[in-house]
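A.B. asks: Mind looking at a prediction? Sequence and model below.
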Amino acid sequence: MNRIIFISFCLVLLTCNSVSAATETDQQGLVNKVFAQHNPAPEKDSGGNVEIAISQPAPDYISKTDVRLNSKEWKALKLSKEWINRKVNPIMHSNGKIVYVFGATLPTIICSPLMASDLEFQSGENVNDVIIGDTARWIVVVAQSGLSGRESTHLVIKPLDAGLVTTAVITTDRRTYHLKLVSRRKGYTPYVAFIYPEDQEKILKASLKKKRRKESWKSTEIEGKPTDLSALDFGYSITGDEASWKPMRVYNDGIRTFIQLPRTSTQTEIPVLLVEKAGEEAIVNYRVKGNAMIVDEIFEKAILVAGTGMDQEKVEIKRLEGSK
């Protein structure tokens, strides 16, 4: 009798274990079904450019019913797709940094499980919000680098699995970023950043301005005639009060002396010119062209004077020894 009871008890235990195992299997199967992952399509070479086609079908819990689009909406979808697929390749900068042109296309951050990908923002740029399409399987951490007042913000991106595809919208105090995030079993981009067209335009303008300034120093026009600056003598010192009309530079061409005043000076601010001759100061006539005083002689020492009494301002011009 006891033997029969023992056998019956064992059968009950086996039945319970089978049900428990089946339930656990069903639950695991449900998780896998909800987050169904497919292996990425193989890499393919297109004219030397490697294209990585990674597709991820919608999980089964998302409705299979689609919304009908009108012609305007299809056009918007087509234009968005063209921008997403625009072939503006990234370039390599120092320290292994992969750099995209901001706004040219949809940049992709390629990640891998157990690896951290660093997205660096422009120096001084602060992140306001980070919105990820798939928040369950992606981790994003905000980090800072650099000295106080010159910090750079970083987003450290980590996927929890391979074969994931999602998008992210990142808003900062300067612009909005749209990104594509993918995760692969092998291969990732550890360090990603951007170059900004407006910054490149500023750099180009500054470079052209510097080039024009350099060229303007090589030659100039004196009374409408092009003159090689190498033939001019700039050997003068300018000292005295910090008047609004204080000359910027003084030079001569071997015949005349040119006193260049600031562009902001007006006709009413142009001072009197006194030239020292035989130990005495004498008023010398000059003519004005543009912002330059032109004296028809070469002097060793001169004084510019404006105002009277306590309001008088003086500037002394001396020709340096050893000048041409």
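C.D. replies: Structure received.

A.B. asks: Quick check: pLDDT value at residue 158.
C.D. replies: pLDDT recorded at residue 158 is 97.

A.B. asks: Over to residue 282?
C.D. replies: At residue 282, the pLDDT value in this model is 81.

A.B. asks: Give the buried residues for the host helix or strand of it.
C.D. replies: Secondary structure from DSSP states H and E places residue 282 in strand 280-283. Buried positions in strand 280-283, judged by neighbour count with 16 or more other Cβ atoms under 10 Å: none. Quick note: C-beta positions are derived from backbone N, CA and C, even for glycine.

A.B. asks: and if you look at stretch 147-166?
C.D. replies: Buried residues in stretch 147-166 (16+ other Cβ under 10 Å): 153-155, 157-159, 162-164, 166.

A.B. asks: And those, which two are furthest apart?
C.D. replies: The most widely separated members of the buried residues of stretch 147-166, counting by Cβ to Cβ, are 153 and 163 (29.0 Å).

A.B. asks: ok, and residue 276, which helix or strand is that part of?
C.D. replies: Using DSSP H and E, residue 276 sits within strand 272-277.

A.B. asks: what about that strand, distance to the chain center?
C.D. replies: Its chain's average C-alpha position is 54 Å from that of strand 272-277, according to Cα atoms, centre = their mean, to the nearest Å.

A.B. asks: In its sheet, which strands sit next to it, and in what direction?
C.D. replies: strand 280-283 (antiparallel), strand 301-306 (antiparallel) (DSSP bridges).

A.B. asks: which residues are in contact with it?
C.D. replies: Strand 272-277 has contacts (Cβ atoms under 8 Å, 6 or more residues apart in numbering) with 259, 281-284, 286, 293, 295, 297, 299-306.

A.B. asks: So how do I select the buried members of those in ChimeraX?
C.D. replies: Selecting only the buried entries of the contacts of strand 272-277 in ChimeraX, with 16+ other Cβ under 10 Å as the criterion:
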select :259,284,286,293,295,299,302,303,304,305,306
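
A.B. asks: and the next element down the chain from the lowest-mean-pLDDT helix or strand in the chain?
C.D. replies: The weakest-scoring helix or strand in the chain, judged by mean pLDDT, DSSP states H and E, is strand 49-51 (a mean of 43). Per DSSP H and E, the first helix or strand lying C-terminal to strand 49-51 is helix 71-84.

A.B. asks: Alpha carbons only: can I get that next one in PDB?
C.D. replies: Provided in PDB are the C-alpha atoms of helix 71-84 (Å, rounded to 0.1, in the frame of the first residue of the first chain):
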ATOM      1  CA  SER A  71       0.400  61.800 -52.900                       C
ATOM      2  CA  LYS A  72       1.700  64.600 -50.800                       C
ATOM      3  CA  GLU A  73       2.600  62.200 -47.900                       C
ATOM      4  CA  TRP A  74       4.200  59.800 -50.300                       C
ATOM      5  CA  LYS A  75       6.300  62.700 -51.700                       C
ATOM      6  CA  ALA A  76       7.400  63.600 -48.100                       C
ATOM      7  CA  LEU A  77       8.300  60.000 -47.500                       C
ATOM      8  CA  LYS A  78      10.300  59.800 -50.700                       C
ATOM      9  CA  LEU A  79      12.200  63.000 -50.000                       C
ATOM     10  CA  SER A  80      13.000  61.800 -46.400                       C
ATOM     11  CA  LYS A  81      14.300  58.500 -47.800                       C
ATOM     12  CA  GLU A  82      16.500  60.300 -50.300                       C
ATOM     13  CA  TRP A  83      18.100  62.400 -47.500                       C
ATOM     14  CA  ILE A  84      18.500  59.300 -45.300                       C
END
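
A.B. asks: for the protein, which residue is closest to the average position?
C.D. replies: residue 196 (4.4 Å; Cα atoms, centre = their mean).

A.B. asks: Bridge partners for the closest residue to residue 297 other than its chain neighbours, pull those for me.
C.D. replies: Computed as Cβ to Cβ, 6 or more residues apart in numbering, the closest residue to residue 297 that is not its neighbour in sequence is residue 257, at 6.7 Å. Beta-bridge pairing for residue 257 (DSSP bridges): residue 252, residue 295.

A.B. asks: Contact partners for residue 257?
C.D. replies: Residue 257 is in contact with 250-251, 294-295, 297-299, counting by Cβ under 8 Å, 6+ apart.

A.B. asks: Repeat the analysis, applying 10 Å as the threshold.
C.D. replies: Residue 257 makes contacts with 233, 236, 250-251, 273, 275, 284, 286, 293-299, 302, 317, 319, as judged by Cβ atoms under 10 Å, 6 or more residues apart in numbering.

A.B. asks: ditto for residue 131
C.D. replies: 140, 167-171.

A.B. asks: Please dump those residues into a markdown table; it should also carry pLDDT and neighbour count for every row.
C.D. replies: A markdown table is the format used below for the contacts of residue 131 (pLDDT from 0 to 100; neighbours: other Cβ atoms under 10 Å):
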| residue | pLDDT | neighbour count |
| --- | --- | --- |
| 140 | 95 | 17 |
| 167 | 96 | 15 |
| 168 | 97 | 20 |
| 169 | 97 | 13 |
| 170 | 96 | 20 |
| 171 | 96 | 13 |
